[in-house]
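Student: Next one to model:
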Amino acid sequence: MLTLFKGAGIWGYFLLFLLALILFQIIRRAMALSKPLGDEESDAEHGIHSILFWGGFSALLGIYGQITGLYHALGAIIAATEIAPKLILQGLSESFTSTLFGMSNLILAALAWHLLMRAHRRRLKS
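Tutor: Predicted coordinates for the structure are as follows:
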């Protein structure tokens, strides 16, 4: 797991921060839904939507990380006089790490968003 995280490069730290932010928002919104109804109900839905926003942002950042990694790899391949195909494929497979990390954040955020929105709507009906 640590090797996978290191493979994401500098973008891995941003994605880890976004994962922590998403988890914080999930916990915060779940705790807010367990409290009695109050004046903050108008902001509750916006807070739940922010979970999905940060998940989508993570996915885009992961793709951006992959593109910048591929750009630098292509520059290194062009500059090299000889390079083994196995090394190229290893670099390509490593470039997907940030994308996988970002997409995983999105999946978590989307599931949490769906469940929290469902609970929020149920709460408003009762």
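Student: packing partners for the longest helix along the chain?
Tutor: Counting residues, the longest helix found in the chain (DSSP state H) is helix 85-125. Contacts defined by 3 or more C-beta pairs under 8 Å, 6 or more residues apart in numbering; DSSP states H and E place helix 85-125 against helix 2-7, helix 10-33, helix 41-79. Heads up, the C-betas are built off the backbone N, CA and C, glycines and all.
Student: which parts of the second one are buried?
Tutor: Read that as helix 10-33. 11-12, 14-15, 18-19, 21-22, 25-26, 29, 32 (16 or more other C-beta atoms under 10 Å).
Student: Could you check the angle it makes with helix 85-125?
Tutor: 10 degrees (axes from the mean of the first three to the mean of the last three C-alpha atoms, to 10 degrees).
Student: contacts for helix 10-33?
Tutor: 5-6, 8, 40, 44, 47-48, 50-51, 54-55, 57-58, 61-62, 64-65, 68, 97-98, 101-102, 105, 108-109, 112, 116, 119-120, 123 (C-beta atoms under 8 Å, 6 or more residues apart in numbering).
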